[in-house]
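Undergrad: task: produce atomic coordinates for the following.
(2 chains)
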Amino acid sequence: MTIILFIEQVLNGIQFGVMLFLMAAGLTLVFGVMGLINLAHGSLYMVGAFAAAAVAAATGSFLLAIAAALAAAAAAGAIVEIVVIRRLYARDHLDQVLATFALILIFSEGVRWIFGSFPLYLDIPAYLSGPVSLPGGIEYPRYRLALIGVGLSIAAGLFWLISRTRLGVRIRAGESDREMIAALGVDISRLYTIVFALGAALAGLAGALVGAIQSVQVGMGEPVLILAFVVIVIGGIGSIKGALIGSILVGLTDTLGGVLLPEFFRLFMDNSAASSTGAALASMLIYILMAVVLVWRPQGLFGGTA
Amino acid sequence: MSREGVINAALLAGLVAVPLWAWAGDEPFTITLATRVAILALAGVGLNIALGLGGLVSLGHAAFFGIGGYAMGILASHAQAYDPIMESPILIEGTKLMPVIWIIAIVAAALAAVVIGALSLRTSGVYFIMITLAFGQMFYFFSISWPAYGGEDGLSIYLRNNFPGLNTLDPIQFFAICMVLLLLALWFNARLAQSPFGLALGAARQAPRRVETVGLSPFRLRLVAFVISGAITGLAGALFADLNRFVSPTMFSWQTSGEIIVLIILGGVGRLCGPVAGAALFITLEHFLGELSEFWHIYLGLLLLAVVLFARGGIIGLLAGRAATHD
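TA: Take a look at the predicted model:
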């Protein structure tokens, strides 16, 4: 394996990681502030992707498609929060799991009903397609590089939002003592709706951005949702920093594991056995990573005493 | 007999009567539906020991269901190909004998539950939910990417496995096997709930600190409950694979875990026959709504949402009122 191929795979891992971060950030905020476990977060990812594909097909504009993804996912998130989720904050986790599982069924079948079972495709715009030359003679797809850029700038924006703005102060206050900030006159239920819609918009954005390199189909959200769970278990629930580091760690482990493990087994096995053993082990690698982190730090890398 | 006892008796009598009636009327498909109810209920009884008694919300029970299924698939596929699983150092051959398959399914699922439980039970609450979900996915992806036993396509078994003295290809006889196993599991569950272990487990759910103070370890109680729970769900997985004569990674999918929880909730958490009522309702909905609309999952979702938001306690809770023994 050449060094160029290796660097490309590292970039792929980071790209996968930052997209996971967009999902994990919303999940971890919603859990940190409202104490809610939301299985339907993957449905919001799917809603974003479908909205983007529909708008792109109608207008041909990628930027409008992204705006539509953000708006549709945020609106879906706000509606779901007001109609259903709001009733679940005081319930135990089992009720939250079930109600949000029910939401997945409703969202998935609803989208299948509107758009049909066939996957849709979202095209990368001309100004982002094709490869770009990086120093060292590496050719890398421009779009994937743009995804890394978008993901990292959103991460920076989120840190700024949480640590420097009034909304961020309220979010942090809501995390540590919700009775107190309600007593200080903050409209807590509006704050919850805003946080939920913000998380939803990030998930919808991730769905639209990833939808352009994969296909847009019903059920696309759940595998990503489960990876995002792994990320926040590794990073520590409620921690944005943990979500970022956990995402990159999971993205790199998954991508590099898929490439390096078969190579590694090829050192002492024949070719086909090495490929299958390597692929089987690589598919389990992030869960093994999670188990190791849990044995070492049950509350996650950056988790408090949750 | 309490009101819940009457409902339970009626429910089980109904589950026996419907296939007998279908047998008399020569409608094998109805018998197959009843068999599915019995098997899913058995999986639910397994999960209910962890969820209802132990308060452990496991979203990864598909792992045990799938392990049971693959235990059956692997043993039977080697037996039908006359190809031993292992030749050295000792000869291990496949088998088509149900009792042997069941024991292996139970042991394999229990071993997996020891490992998953020991790691997951270091955490609690929402972490536990996510971690069990993630372990379930680990098995799912492993089963897809391991090509030796069919990979993504799964494994087909040509003939249903044998049980000494019975013709398992006859739907009513296979139903009888599943129903007897379900009744045994329910009996075991009822005994377990009243045993010192069951009482300590219930106490560990309600007041873990007090349990610790009297010298019991909540971790150990929960781990034992999780292992028993996984083993029963594994047995249900082996029966489910035998019913379909097919095993595939779908058995490991997280939707399977979700559905096992859903049928417990529809029936009533922590109720002895909750899984039976839930499985009966689930299969009935699947059959009738599935005929009405291709998108029947929407209605299932709305019903589930309504049960969670407004009718806590499920069907048995609605019919029997609050249980005196349940918190």
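Undergrad: so, low pLDDT: which residues of the chain?
TA: Picking chain A for this. By pLDDT under 70, the weakly predicted segments of chain A are A:1, A:304-306.
Undergrad: that answer is for a different chain, and I need it for chain B
TA: For chain B, the stretches with pLDDT under 70 are B:1, B:322-327.
Undergrad: show me what residue of it gets nearest to chain A.
TA: Of all residues in chain B, B:Gly301 sits closest to chain A, with a separation of 3.3 Å (C-beta to the nearest C-beta). Where you see a C-beta, it was placed from the backbone N, CA and C, and this is true even at glycine.
Undergrad: what is the burial count for that residue?
TA: Neighbouring residues of B:Gly301 were enumerated by other C-beta atoms under 10 Å in any protein chain shown; the total is 23.
Undergrad: isn't it up against A:Leu98?
TA: No: B:Gly301 is not in contact with A:Leu98 according to C-beta atoms under 8 Å; the separation is 10.4 Å.
Undergrad: using the three-state scheme, assign whichever residue of chain A sits closest to chain B.
TA: Ranking the residues of chain A by distance to chain B (C-beta to the nearest C-beta) places A:Leu105 first, at 3.3 Å. Reducing the assignment at A:Leu105 to three states with DSSP: H, G, I helix; E, B strand; the rest coil gives helix.
Undergrad: ok, it touching B:Leu303?
TA: No: under the criterion of C-beta under 8 Å, A:Leu105 lies out of contact with B:Leu303, with a separation of 9.7 Å.
Undergrad: who's more crowded, those two?
TA: A:Leu105 (25 against 18).
Undergrad: so which strand or helix has the residue lying closest to that one once chain neighbours are set aside?
TA: Nearest non-adjacent residue to A:Leu105, counting by C-beta to C-beta, 6 or more residues apart in numbering or on different chains: B:Gly301, 3.3 Å away. For B:Gly301, the host element (DSSP states H and E) is helix B:296-310.
Undergrad: that helix - contacts with which helices or strands?
TA: Helices and strands in packing contact with helix B:296-310 are listed as helix A:93-115, helix B:254-267, helix B:274-292; criterion 3 or more C-beta pairs under 8 Å, 6 or more residues apart in numbering or on different chains; DSSP states H and E.
Undergrad: measure the residue lying closest to A:Leu20 once chain neighbours are set aside to A:Ser176 for me?
TA: Using C-beta to C-beta, 6+ apart and skipping the chain neighbours, the partner closest in space to A:Leu20 is A:Ser247 (4.2 Å). As for A:Ser247, its distance to A:Ser176 is 24 Å (criterion: C-beta to C-beta, to the nearest Å).
Undergrad: where do the helices of chain A begin and end?
TA: Residue ranges of the helices in chain A, as given by DSSP state H, are A:3-34, A:41-59, A:62-83, A:93-115, A:142-164, A:166-176, A:178-183, A:188-211, A:221-235, A:240-266, A:271-296.
Undergrad: got it, and chain B?
TA: Along chain B, the stretches classed as helices by DSSP H are B:3-24, B:28-48, B:62-80, B:98-120, B:125-145, B:171-194, B:196-206, B:208-213, B:218-244, B:254-267, B:274-292, B:296-310, B:314-320.
Undergrad: deepest in the core, which of those helices is it.
TA: Using mean count of other C-beta atoms under 10 Å in any protein chain shown, the stretch among the helices of chain B with the greatest mean number of neighbours is helix B:62-80 (a mean of 27).
Undergrad: which residues touch the residue of chain A closest to chain B?
TA: For A:Leu105, the contacting residues are B:His297, B:Ile298, B:Leu300, B:Gly301, B:Leu304, by C-beta atoms under 8 Å, 6 or more residues apart in numbering or on different chains.
Undergrad: what does the stretch 201-306 of chain A have sitting close to chain B?
TA: A:222-223, A:226, A:229-230, A:232-233, A:237, A:276, A:279-280, A:282-284, A:287-288, A:290-291, A:294-295, A:298-299, A:306 (C-beta under 8 Å from any C-beta of the partner chain).
Undergrad: hmm, 6 Å instead?
TA: Taking C-beta under 6 Å from any C-beta of the partner chain as the contact definition, the stretch 201-306 of chain A meets chain B at A:226, A:229-230, A:233, A:276, A:279-280, A:283-284, A:287, A:290-291, A:298.
Undergrad: re the thing from before, ok, so of the contacts of A:Leu105, who is nearest B:Phe226?
TA: Of all the contacts of A:Leu105, B:Phe226 sits closest to B:Leu304, with 24.6 Å by C-beta to C-beta.
Undergrad: please report the distance of the closest one from B:Met86.
TA: Applying C-beta to C-beta, the value for B:Leu304 to B:Met86 is 44 Å.
Undergrad: quick one: contacts of the helix holding B:Gly301?
TA: A:Arg87, A:Asp95, A:Leu98, A:Ala99, A:Ala102, A:Leu105, A:Ile106, A:Glu109, B:Leu289, B:Gly290 (C-beta atoms under 6 Å, 6 or more residues apart in numbering or on different chains).
Undergrad: so how far is it from its chain's centroid?
TA: The chain centroid and the centroid of helix B:296-310 are separated by 21 Å under C-alpha atoms, centre = their mean, to the nearest Å.
Undergrad: CA atoms only for that helix, dumped as CSV, please.
TA: As requested, C-alpha coordinates have been extracted for helix B:296-310 and formatted as CSV (Å, rounded to 0.1, in the frame of the first residue of the first chain):
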residue,chain,number,x,y,z
TRP,B,296,-49.2,-0.7,7.6
HIS,B,297,-46.1,0.3,9.6
ILE,B,298,-47.6,3.9,9.8
TYR,B,299,-50.6,2.5,11.6
LEU,B,300,-48.4,0.4,13.9
GLY,B,301,-46.4,3.5,14.6
LEU,B,302,-49.4,5.6,15.5
LEU,B,303,-50.8,2.8,17.7
LEU,B,304,-47.5,2.4,19.5
LEU,B,305,-47.3,6.2,20.0
ALA,B,306,-50.8,6.2,21.4
VAL,B,307,-50.1,3.3,23.8
VAL,B,308,-46.9,4.9,25.0
LEU,B,309,-48.4,8.4,25.5
PHE,B,310,-51.9,7.5,26.8
